[in-house]
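Q: Sharing a model prediction with you, sequence too.
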Amino acid sequence: MTASPVLEVLDARKSYGEREALKGVSLTIGRGEILALLGPNGAGKTTLVRAICGRLALASGSVRVSGADPRASLEARRRLGLVPQEIALYPELTARENLEIFGRLAGVERRALGAKVDEALEWTALEDRAHERIDRLSGGMKRRLNLAAGALHDPELLLLDEPTVGVDPGARELIHDLLERLCRRGLAILITTHDLDQAAELADRIAILSDGRKCAEGSLQELVAASFGGHREVWLTLTNPPTASGRELLTGAGLTAASDEPLSWSGPLAGGLESLAELGSRLAAAGLPVAELRVREPGLRGVFFHFTGRELGLS
């Protein structure tokens, strides 16, 4: 028998006035699984996360955390852990004092709290900073402590918003290791991020939102295959915006225009490298001079562009 998902979102819909923020989004996350939620600004990610936390009522559809509605069930909310993008710690208190406060707020029993805090300081490698004020810690240390505060009460679902923004590469690797260890403990983890490298490295599955809809979901390998079908990716930048006939030629070649930059086009390079010369000749004949042309192995960046017509990333 297949285990029930920790998180189940079915046909979630929400509007703000005339603007539809969610247009029938469905998601599931199982135990020990990491799902990366990607999307351009305004795609509906924040609205969806607020609904999962029980902080927002959907117009229709449902959210279940371990089978219960987090908006109606205190027990469901206790099974959630939230780690926001902004550091949510008391700067004038020590690392240990912060964990004790967040543990008590999350309902950790007093007799178990000391051991929980010790364990959290150990697995975040912050034992030697336990009695140091938060405002004296590095950004990476604060991020790790923020993660520990969100997971101290042993939630079943952990929600993270940009968990490594603003940290150096070494701290980023430490945080990734912590997330993988939590996943091995059986936590279901949802990460919203603009860091495509992070999503590709950590996630078992990736879901892409655009304009309030889920436009793609699957493993990285599945998404690459669906987007490029085994071909390499070609990316070109035109010198001038294309005419109507030029657009027809480009779309006929399987290329997609960037939604915010009509000079940029991308898609699968059908026919392999030997087809580049033919493509270049056809573009020149159509009066479409190329300023830049790149060919690369497709990855999550190309997948995201394929489904949304936009680029995404911190770099």
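A: Sure, I can see it.

Q: Can you give me the buried ones in stretch 59-75?
A: Residues of stretch 59-75 classed as buried by neighbour count (16 or more other Cβ atoms under 10 Å): 61, 63-66, 68, 70-71, 73. (C-beta placed from N, C-alpha, C; glycine too.)

Q: swap that for stretch 233-253, please
A: 233-236, 238, 242, 246-247, 249-250, 253.

Q: on contacts alone, who are the packing partners of the strand or helix carrying Val295?
A: Element membership for Val295 (DSSP states H and E) is strand 290-296. In this structure, strand 290-296 packs against strand 233-238, helix 276-285, with contacts taken as 3 or more Cβ pairs under 8 Å, 6 or more residues apart in numbering; DSSP states H and E.

Q: Using TSV, lay out those together with mean pLDDT.
A: As requested, these are exported to TSV (pLDDT from 0 to 100):
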stretch	mean pLDDT
strand 233-238	90
helix 276-285	84
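
Q: Ok, which of those comes nearest Ile52?
A: Distance to Ile52, taken as Cβ to Cβ, is lowest for strand 233-238 among the helices and strands packed on strand 290-296, at 32.9 Å.

Q: Point out where this structure drops to low pLDDT.
A: 1-2, 260-261, 313-315 (pLDDT under 70).

Q: Show me where it has its helices.
A: Listed in chain order, the helices of the chain (DSSP state H) span residues 45-52, 74-78, 95-105, 110-123, 139-151, 169-184, 196-202, 220-228, 244-252, 276-285, 300-308.

Q: Using JSON lines, lay out those helices together with distance to Arg13.
A: Compiled in JSON lines, these are given as follows (distance: least, Cβ to Cβ, whole Å):
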{"stretch": "helix 45-52", "distance to Arg13": "10"}
{"stretch": "helix 74-78", "distance to Arg13": "20"}
{"stretch": "helix 95-105", "distance to Arg13": "32"}
{"stretch": "helix 110-123", "distance to Arg13": "38"}
{"stretch": "helix 139-151", "distance to Arg13": "28"}
{"stretch": "helix 169-184", "distance to Arg13": "30"}
{"stretch": "helix 196-202", "distance to Arg13": "25"}
{"stretch": "helix 220-228", "distance to Arg13": "25"}
{"stretch": "helix 244-252", "distance to Arg13": "31"}
{"stretch": "helix 276-285", "distance to Arg13": "42"}
{"stretch": "helix 300-308", "distance to Arg13": "20"}
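
Q: and of these, who's closest to Ser4?
A: Closest of these to Ser4 is helix 74-78, at 13.3 Å (criterion: Cβ to Cβ).

Q: Show me what the closest one packs onto, helices and strands only.
A: strand 60-65.

Q: sorry, back to before: can you list the strands that the strand holding Val295 pairs with?
A: If you go by DSSP bridges, strand 290-296 pairs up with strand 233-238 (antiparallel).

Q: okay, the strand it pairs with in PDB with CA atoms only?
A: This file holds the C-alpha atoms of strand 233-238, laid out as PDB (Å, rounded to 0.1, in the frame of the first residue of the first chain):
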ATOM      1  CA  GLU A 233      19.500  23.600 -26.300                       C
ATOM      2  CA  VAL A 234      20.100  26.600 -28.700                       C
ATOM      3  CA  TRP A 235      19.900  30.100 -27.400                       C
ATOM      4  CA  LEU A 236      20.100  33.100 -29.700                       C
ATOM      5  CA  THR A 237      19.900  36.900 -29.300                       C
ATOM      6  CA  LEU A 238      18.800  38.900 -32.300                       C
END
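
Q: orientation of it relative to helix 300-308 in degrees?
A: Angle between the axes of strand 233-238 and helix 300-308 is 70 degrees (criterion: axes from the mean of the first three to the mean of the last three Cα atoms, to 10 degrees).
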